[in-house]
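# From the sequence below, what's the structure:
(one chain, ligands or ions: 1)
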Amino acid sequence: MDPILIPIKQDKPGFDRFIGSWLYQGRHPIVVDVGPSRSINILVRRLSELDVKRVDFVLLTHIHIDHAGGLAEFLKAFPMARVICHAKAIRHLVDPAKLRLGTQKSLGELAFTYGPISPVNKETLIPHTEAHIPDLEIVETPGHAPHHLSYFYEGNLFVGEAAGVYLTAGGLEYLRPATPPTFFLKEFVESLERLLIQENSPIFYGHFGKAGMSRPMLKRAKDQLFFWEKIISEELSTGHENPVEQCMKRLLREDFEMKAFEMMTPEDQARERFFLKNSVKGYAGYLQALSSDPLEHRP
Ligand SMILES: [Zn+2]
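Have a look, this model is predicted:
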């Protein structure tokens, strides 16, 4: 059986089909990412409609609020589930104070739409370094977030945001790098390369849906990162008053992978502009740090 996409609609225009969990009923029934707390009932209801009585594992790609914010609530509905996450993410799930602050800082008002982040019981969490499940291969894919993981399970690649965002609009594909601050190009590209050497597999995105096979998609994500590097470097060197706006304009005009932006509804475009801006800010910050201190651009 193929993985099933569960769209997690948010109470905000433009967020009907943007966040998704994956259900895969292989040897173990698994759920990849659970979405924010405010919408956890949507996920739980859908699982019940699909007659899912138990979930053995939740595979967390990363702990951003739109992927993991509802974990504590999810575990109330599926108390038997164990959660696989990055070993270094565990302390933030157990005590989400820092996570909450970071979320509010980077998302502003959107953080309230997504809902609160509650602490998770440590006993339910399995560090990725200790997860030994047959046919599950865990690949460390930092870049979008420092503790990002991608999962190959029974021949399916759950990529989270390690290859950016994949959407469709008007029958066209749309790819956008997910590079919010603090972004490091080398790390992101190395993660893509780690995935590229694995077997070519069907690829499943956190935002949003299934997109063909992994190798061509990962390659496109990599090419797009280098295209952005070129455009954003050029714009930064012109000394514009508002380089981020200028970069956004150019990318929307010139990045072939984002052509489908024109086909989106105004609400979806507004959402995309918000995240595009975050991604450009991350990229610009990285390039500025690189040019001001070429030897010391790493934290
Ligand atoms: Zn994220």
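
# Would you mind naming what in the chain lies close to the ion?
Applying C-beta under 5 Å from the ion, one finds that the chain approaches the ion through 64, 161. Where C-beta positions appear, they are placed from N, C-alpha and C, glycine not excepted.

# Against residue 45, how distant is the residue of the chain found nearest the ion?
Proximity of the chain to the ion (C-beta to the ion) peaks at residue 64, 3.5 Å away. Using C-beta to C-beta, to the nearest Å, residue 64 is found at 23 Å from residue 45.

# The two: which has the busier surroundings?
Taking neighbours as other C-beta atoms under 10 Å, residue 64 and residue 45 compare with residue 64 leading, 26 against 12.

# excluding its backbone neighbours, what's nearest that one?
Spatial nearest neighbour of residue 64, chain neighbours left out: residue 145 (6.1 Å); criterion: C-beta to C-beta, 6 or more residues apart in numbering.

# correct me, but that neighbour touches residue 63?
Yes: the criterion here is C-beta atoms under 8 Å, and residue 145 meets it with residue 63 at 7.4 Å.

# OK, contacts around residue 263?
By C-beta atoms under 8 Å, 6 or more residues apart in numbering, the contact set of residue 263 is 169, 170, 171, 172.

# would you turn the residues you listed into TSV with neighbour count, pLDDT and secondary structure?
Output for the contacts of residue 263, formatted as TSV (neighbours: other C-beta atoms under 10 Å; pLDDT from 0 to 100; DSSP: H, G, I helix; E, B strand; the rest coil):
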residue	neighbour count	pLDDT	secondary structure
169	17	96	strand
170	10	95	coil
171	7	95	coil
172	13	96	strand
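
# Check the residues you listed and tell me the two furthest apart.
Largest separation among the contacts of residue 263 by C-beta to C-beta: 169 and 171, giving 7.9 Å.

# returning to what we had before: looking only at neighbour counts, state which of residue 145 and residue 63 leads.
Each of residue 145 and residue 63 has its neighbours counted (other C-beta under 10 Å); residue 63 has more, 27 against 21.

# Looks to me like that one is in a strand.
No: read with DSSP: H, G, I helix; E, B strand; the rest coil, residue 63 is coil and lies in no strand.

# Hmm, residue 259 and residue 172 touching each other?
Yes: assessed by C-beta under 8 Å, residue 172 is found in contact with residue 259 at 6.5 Å.

# so residue 151 touches residue 133, yeah?
No: using C-beta under 8 Å, residue 151 is not in contact with residue 133; the gap is 9.8 Å.

# shaky segments in this structure?
Filtered on pLDDT under 70, the chain yields the residue ranges 293-299.

# In contact with residue 16, which residues are there?
By C-beta under 8 Å, 6+ apart, residue 16 lies in contact with 7, 9, 10.

# Okay, and which of these map to strands?
Secondary structure from DSSP state E places residue 7 of those in strands.
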